[in-house]
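> output the structure for:
(chains A and B)
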Amino acid sequence: MKVNEQIAIDHGLKKDEYKKICDLLKRIPNITELGIFSAMWNEHCSYKSSKLHLKNLPTKGTNVIQGPGENAGVIDIGDEDAIVFKIESHNHPSFIEPYQGAATGVGGIMRDVFTMGARPIANLNSISFGLPQNKKTKNLLRGVVHGIGGYGNCMGVPTIAGQTIFDESYNENILVNAMTIGLVKKNKIFYSKAAGLKKPVIYVGSKTGRDGIHGASMASAVFDEKIEEKKPTVQVGDPFTEKLLLEACLELMAGDSIIAIQDMGAAGLTSSSIEMASKGNLGIEINLNKVPCREEKMTPYEIMLSESQERMLIILENGKENLAKKIFDKWNLDFAVIGQTTNSKNIELFFNEKKVADIPINALVENSPMYDRKWKKTKLPNKIKIEKEHFKNLKVVNVLNKILSNPNICSKEWIWQQYDHTVMGDTIQKPGGDAGVVRVHGTNKAVAASVDSSAVYCWAHPLSGGKQIVCESWRNLISVGAKPIAITNCLNFGSPENEDNMGEFVACVKGLSEASSYLQFPVVSGNVSFYNQTKNIGIKPTPTIGGVGLIKNYKNMITMGLKEIDNILLIIGKTEGHLDQSVFSRDILNEKNGPPPEINLFNEKNNGETILKLIDKNFIKAAHDVSLGGIITALSKMCIKGKKGATLKKPNYLINPFEYFFGEDQGRYIIEIEKINFNNVTKILEKNTVHYDDLGTVNENMLIIDKKSKVTIDELTKSHTNWLTNYMSK
Amino acid sequence: MNSSVITFPGSNCDRDMDVALKKFGFNNKMVWHENVDLPKSDLVVLPGGFSYGDYLRCGSMASKSKIMRSVINFAKDGGKVMGICNGFQILIESGLLPGAMLRNKYLEFICKNVFVKVNDKDNSYFKGLKKDILEFHIAHNEGNYFCTSEQVKEIDDNNQIALYYSDVNGNIDENNNPNGSIKNIAGIFNKEKNVLGMMPHPERMIDLLLSGEDGSIFFENLINNLK
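You can find the predicted model right below:
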């Protein structure tokens, strides 16, 4: 087939991109070469619309061993230990085929982590769906949950935390963001940078099939009515093979045979070989006849673009081939020497003794397009004045029951019970808390992690939303007693070719950047997913943050359940009664306008660090951050978890109870302390100029707001737990 | 006391079991499925996981692996063999235990704490156990134990039922059956009671911070009984 402009356009390339390819090659590419360019230059692999803005994210810090640019980020957690982690999206395939899409998302992110030499010790996920009443939602949710569980459970890696969001903007574009955390010794981290000439290039893992061809290109385009035709671009996962691949790789990594290693993820053999060569400033030649294939008569084009799962590319030291082969034979995995590193600085492919592609690597990588897309600034909306009469017929207890059963707030036990969250024997905080916590096996340390997004705030004002989500992640880690260390981000947006969407992206990244700089909470890895859009309608801007923190002694971990009757409850942080964009305003008053709550970074940092001081002194018995649904929702969850009640004091400065109880002001926590420590605790709070309010005391089994309004914890528990199970069983 | 934990391709609770056995005083060895000979053992454990990816049927391919010939001979000579979760499925597939395992009733993987009632203490696994009702942990997709009505009668008559799913007070009923198992069966013995298969994971119940400590009671008792 002779390549022309139309064929290039069918590959998702733009006219001027095709022209650039011809200019770089000084000739017309053949079809294999065009396929390689389209795979490397699509949005998913090249970051062509986002690169310019991502540069501003803070990526360095005292604990950062490896920032963005590798398979995953790496942070130092003391002693000889390091943590490797990353979050990645698998949105487009999961909408087309939810089980396989989600499963391979989990498989892909685990591979990114163990490629670096780390054993995965925890998985997390953030999944977003359309409204519950949307006819596709239930099947998509079920498929995604089964897919995540199907893969992670078989791998024997616990899924320790996650979040599930329902919003109309995901009706036609769901989000599946998967995160993995791995543990590695600092002196045994593996990278993807090739080095040395004539080093053997090794292919290991599953055979290459025709699945997933153009997966990355598919994920770089909007959906339309022809979406069903895209099913063959979805990869098919085999967690059993991945488990073998994990064990085999770690066994080989225990020695010193590996120079560089890279998993074959998006754009398969193409991107893995090119990235390794590019980082090492080398060339690479591959004999495609040596690639283990699952199907007959696969063409060079298909072999290079297949996204078959569970495959790795390794550059070995010379003479180590037999030793390595033995290990992969033991685990029943394919092992093939398919090429070598060269000094040509080109990628050269051979098939049936003919050269079928010859492309300078810098043409594919350094010369890939970068766009300064046009973008529009989003103004801060005006505050909404809510008329008094709107509150008149509302009762706090009724509203509370309604909010606790809100799909975005209710218990997600139906979901996380399907994930093995206890395998490996180190999960000390299960899903359903502020953050998941796993021990660092055989030590006193523990790693806490949380995934968060807040599309509603980001949609209302992307700059504030971007900041908020970093702060939320920070608070979730603080609440379990962890010192926040670093984050990974998954930036889910609509089309970057639309000025509004691009504006949301730019502002969210700016917000993220400001907050993570201020909190010294750097970004060490991440991924961008654009084109979460069907026809002209994009999703709400949804940056997802995966935060990781360290607990030096796991015995000091904090949980949210209330502990002891008569203990005192304090609200840390000032309550201003901000209702715009709150669950109360949006779902109870049906008011969707107004600005999201303001972020005060000084308070966030100061409040969080002061709480860690209190935890250090062993003053805190339970803690929970105040987020969606405000104080009373947060407190109710603490009651439900601890199977205790609370007697509240009258608020002393906000008269409107709805603003006080349901306002979503930021930077707040609820903590439980013992009576005898009240003076000690308040002294520390005052010394650090942290605002606090006396919320009330713990009682046996009733939430008592005042004489007239009270509710049993049993009733609140029912409101909180029943919705999802009922929804899924209908 | 010497124990051996067999690792099949796809086993993923082998390390957890190793940690548990060592914690309670066993001198444990990990044994690769392609080995022909078992090390000298007082107890052999087939751990949980997804041997061979659960392909064909859970436990089916693992039951044909090289080491299983030795395990079967060891069991036939009266050696103690315990299969947990996928290990239970392998014991069924290898013919050491009767019955079959179906997918969970609601067709979903379940990971949670459950209570189990010990049916019989006249055997070396549960003899002298301090409690009759234990809080254990399950994590499986295919734990719905099934056998023919003749087999039910037979295992019942022989007192081969080891554990029932129950509530905290030991009530055995449909409300406390997490996966649809016939008669709420959570674990069974062979006739001679030297082979035990159970779906719950005692190795995940040896730590208050993880999910509880009733597994500790089980292991402490077990090592004493084997001494």
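
> every contact and neighbour count from this point should use C-alpha atoms.
OK.

> which elements pack onto the lengthiest helix in chain B?
Criterion DSSP state H: the longest helix present in chain B is helix B:214-226. Applying 3 or more CA pairs under 8 Å, 6 or more residues apart in numbering or on different chains; DSSP states H and E, one finds that helix B:214-226 makes contact with strand B:133-140.

> and the strand it packs on, does that touch chain A?
Yes: counting by CA under 8 Å from any CA of the partner chain, chain A has neighbours in strand B:133-140: B:Ala139.

> residues contacting the longest helix of chain B, please?
Outside of helix B:214-226, the residues within contact range by CA atoms under 8 Å, 6 or more residues apart in numbering or on different chains are B:1, B:21, B:24-26, B:42, B:124-130, B:134-136, B:202-207.

> give the buried subset of those as a ChimeraX selection command.
Remark: buried members of the contacts of helix B:214-226, expressed as a ChimeraX selection using 16 or more other CA atoms under 10 Å in any protein chain shown:
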select /B:21,24,26,42,124,125,126,129,134,135,136,202,203,204,205,206,207
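
> out of the contacts of helix B:214-226, which sit inside helices?
Per DSSP H, these map to helices at B:Leu21.

> between the longest helix of chain B and strand B:133-140, how big is the angle?
If you take axes from the mean of the first three to the mean of the last three CA atoms, to 10 degrees, helix B:214-226 sits at 110 degrees to strand B:133-140.

> how about the CA coordinates for helix B:214-226, as PDB?
The C-alpha trace of helix B:214-226 is given here as PDB (Å, rounded to 0.1, in the frame of the first residue of the first chain):
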ATOM      1  CA  ASP B 214      -8.900 -16.000  65.400                       C
ATOM      2  CA  GLY B 215      -6.400 -17.400  63.000                       C
ATOM      3  CA  SER B 216      -3.800 -17.200  65.700                       C
ATOM      4  CA  ILE B 217      -5.900 -19.500  67.900                       C
ATOM      5  CA  PHE B 218      -6.200 -22.000  65.000                       C
ATOM      6  CA  PHE B 219      -2.400 -22.100  64.200                       C
ATOM      7  CA  GLU B 220      -1.300 -22.200  67.900                       C
ATOM      8  CA  ASN B 221      -3.700 -25.100  68.500                       C
ATOM      9  CA  LEU B 222      -2.600 -26.800  65.300                       C
ATOM     10  CA  ILE B 223       1.100 -26.800  66.100                       C
ATOM     11  CA  ASN B 224       0.400 -28.200  69.600                       C
ATOM     12  CA  ASN B 225      -1.700 -31.000  68.100                       C
ATOM     13  CA  LEU B 226       1.000 -32.000  65.700                       C
END
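
> and residue 104, helix, strand or coil?
Unless you meant another one, I'm taking chain A. helix (DSSP: H, G, I helix; E, B strand; the rest coil).

> so who does the closest residue to B:Glu174 other than its chain neighbours touch?
Excluding its sequence neighbours, the residue lying closest to B:Glu174 (CA to CA, 6 or more residues apart in numbering or on different chains) is B:Asn184, at 7.5 Å. With contact set as CA under 8 Å, 6+ apart, B:Asn184 has these partners: B:164-166, B:172-174, B:176-177.

> ranges for the strands of chain B?
For chain B, applying DSSP state E gives strands covering B:2-7, B:27-32, B:43-46, B:80-84, B:100-102, B:110-118, B:133-140, B:144-146, B:161-166, B:185-189, B:195-198.

> show me what the longest one packs onto, helices and strands only.
Translated: strand B:110-118. Right, strand B:110-118 is packed against strand B:133-140, strand B:161-166 by 3+ CA pairs under 8 Å, 6+ apart.

> just checking: what are the partner strands of the first one?
I take that to be strand B:133-140. strand B:110-118 (antiparallel) (DSSP bridges).

> for the strand it pairs with, what is the distance to the chain centroid?
13 Å (CA atoms, centre = their mean, to the nearest Å).

> kindly report the same for stretch A:459-470.
16 Å.

> in CSV, list the C-alpha atoms belonging to that stretch.
What follows is stretch A:459-470, C-alpha atoms only, in CSV (Å, rounded to 0.1, in the frame of the first residue of the first chain):
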residue,chain,number,x,y,z
TRP,A,459,-15.9,22.7,36.5
ALA,A,460,-17.1,25.7,38.5
HIS,A,461,-13.7,27.2,38.7
PRO,A,462,-10.8,25.1,37.4
LEU,A,463,-8.0,27.0,39.2
SER,A,464,-9.6,26.6,42.6
GLY,A,465,-10.6,23.0,41.8
GLY,A,466,-7.0,22.2,40.9
LYS,A,467,-5.8,23.5,44.2
GLN,A,468,-8.6,21.9,46.1
ILE,A,469,-7.9,18.4,44.9
VAL,A,470,-4.3,18.5,46.0
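
> what about it, average pLDDT?
In this model, stretch A:459-470 carries a mean pLDDT of 98.

> a markdown table for the strands of chain B, including mean pLDDT and distance to A:Val291?
Output for these, formatted as a markdown table (pLDDT from 0 to 100; distance: least, CA to CA, whole Å):
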| stretch | mean pLDDT | distance to A:Val291 |
| --- | --- | --- |
| strand B:2-7 | 98 | 30 |
| strand B:27-32 | 98 | 29 |
| strand B:43-46 | 98 | 36 |
| strand B:80-84 | 98 | 39 |
| strand B:100-102 | 95 | 39 |
| strand B:110-118 | 97 | 39 |
| strand B:133-140 | 97 | 36 |
| strand B:144-146 | 97 | 42 |
| strand B:161-166 | 98 | 51 |
| strand B:185-189 | 98 | 47 |
| strand B:195-198 | 98 | 43 |
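
> TSV please, covering those strands and showing distance to A:Phe240.
Output for the strands of chain B, formatted as TSV (distance: least, CA to CA, whole Å):
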stretch	distance to A:Phe240
strand B:2-7	14
strand B:27-32	17
strand B:43-46	18
strand B:80-84	19
strand B:100-102	20
strand B:110-118	19
strand B:133-140	16
strand B:144-146	22
strand B:161-166	30
strand B:185-189	26
strand B:195-198	23
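
> nearest to A:Ile558, out of the ones you listed?
strand B:110-118 (21.4 Å; CA to CA).

> which residues sit against that closest one?
Contacts of strand B:110-118 (CA under 8 Å, 6+ apart): A:417-422, B:126, B:132-141, B:162-168, B:170, B:178, B:186, B:211.

> what do you get for stretch B:199-212?
By CA under 8 Å, 6+ apart, the surrounding residues in contact with stretch B:199-212 are A:422-423, A:425-429, B:16-17, B:20, B:48, B:84-86, B:88, B:113, B:135-140, B:143, B:186-187, B:213-216, B:218-219.

> now the buried members of the contacts of strand B:110-118.
A:417-422, B:126, B:132-141, B:162-167, B:170, B:178, B:186, B:211.

> out of the contacts of B:Asn184, which two sit at the greatest distance?
B:Tyr164 and B:Glu174 (11.3 Å).

> who in chain B is up against chain A?
So chain B meets chain A at B:9-10, B:12-13, B:15-16, B:49-50, B:52-53, B:108-112, B:139, B:204, B:209-211 (CA under 8 Å from any CA).

> separation between the nearest residue to A:Ser517 once chain neighbours are set aside and A:Gly69?
Sequence neighbours aside, A:Pro58 is the residue nearest to A:Ser517 in space, at 5.8 Å (criterion: CA to CA, 6+ apart). Distance, A:Pro58 to A:Gly69, using CA to CA, to the nearest Å: 13 Å.
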